[in-house]
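Chemist: sequence unavailable; structure follows:
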């Protein structure tokens, strides 16, 4: 994160007592966890948010190069997604349209390129000026720094008296009246639960696909948007790879300009990023011309190799969008002490940014509904 955008949080060697207590413990510092924390803060309700990474944002990650942000996680949201639109408006941020003017390109399995005009697949989508990391920064800045704990990895959850205790790999623990898991279910499935959750509950945790977890994304930066000058949109599809789908990733104003693509090579075959970057340069040159083969820089983020996001079951990228929801078996676990609120349990927009906010909204409603029942216990 750019230092000018940094916020203060509590991470090692920040001192905390061995056992902390709170009303609500939120595990996961991505969009859903932060949105829930910010809503609890506005309600005046006590909470702690713990995140295993050394940063906030979860699958939202913006790399800042020369003062310009490039999203290496989620990039787009759409008209009609009112939760994220409202949050952006509340923080006074700006959106802009995904660039989609000009010809599309198609590369067949032999590397032959065809061009034609048509509908760009992301035409009509929106991007956040300054990158989606800016939204994370604003949410974090609205929270008390001492109530955000980074580098704190949960290993177990157990019923303790009238609440729940979270054990951390660092050896400390947190006692809470209620706990919200704002992270992919497959990550939670690796923890120990006491008393044990049912086989049905564990099966769901293990089988629900983590959105985007098998993906890798490459972003090539350039001094000029030469593809636009040549009448190309920056959109391309390829049967040869390594990038299978490409789009213009330039900022709204000025450069460096960029093309990004989703890597179609399987995770085990893309571990050598030096080789992968060479392959990307060659491919961009084939599709967009010789100038594209010499980017200033290539940013790579392989989410399949990120243990805070992906498990062994996530190594194959998804080919279709799963039907996400929160099944009855996972509602109100441990007499309403344990809830799920990550994007994968959102019934309408699961997997999307809007789904993360939807899940946070539903989690807040559940906490408020049961909070009075547990008050004073």
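Modeler: Structure received. Values in this document were obtained by computation on a predicted structure and should not be read as measured data. Numbers count the residues shown, from 1 in each chain.
Chemist: show me what the one helix or strand in the chain whose mean pLDDT sits lowest is packed up against.
Modeler: The weakest-scoring helix or strand in the chain, judged by mean pLDDT, DSSP states H and E, is helix 353-374 (a mean of 87). Where contact means 3 or more C-beta pairs under 8 Å, 6 or more residues apart in numbering; DSSP states H and E, helix 353-374 is packed against helix 31-43, helix 82-90, strand 173-181, helix 333-336, strand 338-340. (C-beta placed from N, C-alpha, C; glycine too.)
Chemist: go again with 6 Å.
Modeler: helix 31-43, helix 82-90, strand 173-181 (3 or more C-beta pairs under 6 Å, 6 or more residues apart in numbering; DSSP states H and E).
Chemist: domain assignment for this protein?
Modeler: 3-58+135-208+321-374, 62-129+212-305 (automatic domain parsing).
Chemist: lowest average pLDDT across these?
Modeler: Averaged per stretch, pLDDT over these is lowest on domain 3-58+135-208+321-374, reaching a mean of 90.
Chemist: could you give the separation of it from the chain centroid?
Modeler: Averaged C-alpha coordinates place domain 3-58+135-208+321-374 at 15 Å from its chain's average position (C-alpha atoms, centre = their mean, to the nearest Å).
Chemist: got the domains of the chain as TSV, with distance to residue 313 and mean neighbour count columns?
Modeler: What follows is these, written out as TSV (distance: least, C-beta to C-beta, whole Å; neighbours: other C-beta atoms under 10 Å):
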stretch	distance to residue 313	mean neighbour count
domain 3-58+135-208+321-374	6	19
domain 62-129+212-305	9	18
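Chemist: not counting sequence-adjacent ones, nearest residue to residue 349?
Modeler: Leaving aside its chain neighbours, residue 349 sits nearest to residue 355 (3.7 Å; criterion: C-beta to C-beta, 6 or more residues apart in numbering).
Chemist: what's the spacing between the one you found and residue 227?
Modeler: 32 Å (C-beta to C-beta, to the nearest Å).
Chemist: cool, residue 256 as well?
Modeler: From residue 256 to residue 227 the distance is 14 Å (C-beta to C-beta).
Chemist: okay, strands next: where are they in the stretch 251-377 of the chain?
Modeler: Along the stretch 251-377 of the chain, the segments classed as strands by DSSP state E, counting those that start in this stretch run 257-263, 297-302, 338-340.
Chemist: run a quick neighbour tally on residue 307.
Modeler: 11 (other C-beta atoms under 10 Å).
Chemist: follow-up on the earlier one: of all the helices and strands packed on helix 353-374, which lies closest to residue 291?
Modeler: helix 82-90 (34.3 Å; C-beta to C-beta).
Chemist: residues in contact with that closest one: which ones?
Modeler: 77, 353, 354, 357 (C-beta atoms under 6 Å, 6 or more residues apart in numbering).
Chemist: got a list of contacts for the helix or strand residue 227 falls within?
Modeler: Using DSSP states H and E, residue 227 falls within helix 226-229. Contact with helix 226-229 is made by 234, 288, 291, as judged by C-beta under 6 Å, 6+ apart.
Chemist: change it to 8 Å
Modeler: 99, 101, 102, 233, 234, 248, 259, 288, 289, 291, 292 (C-beta atoms under 8 Å, 6 or more residues apart in numbering).
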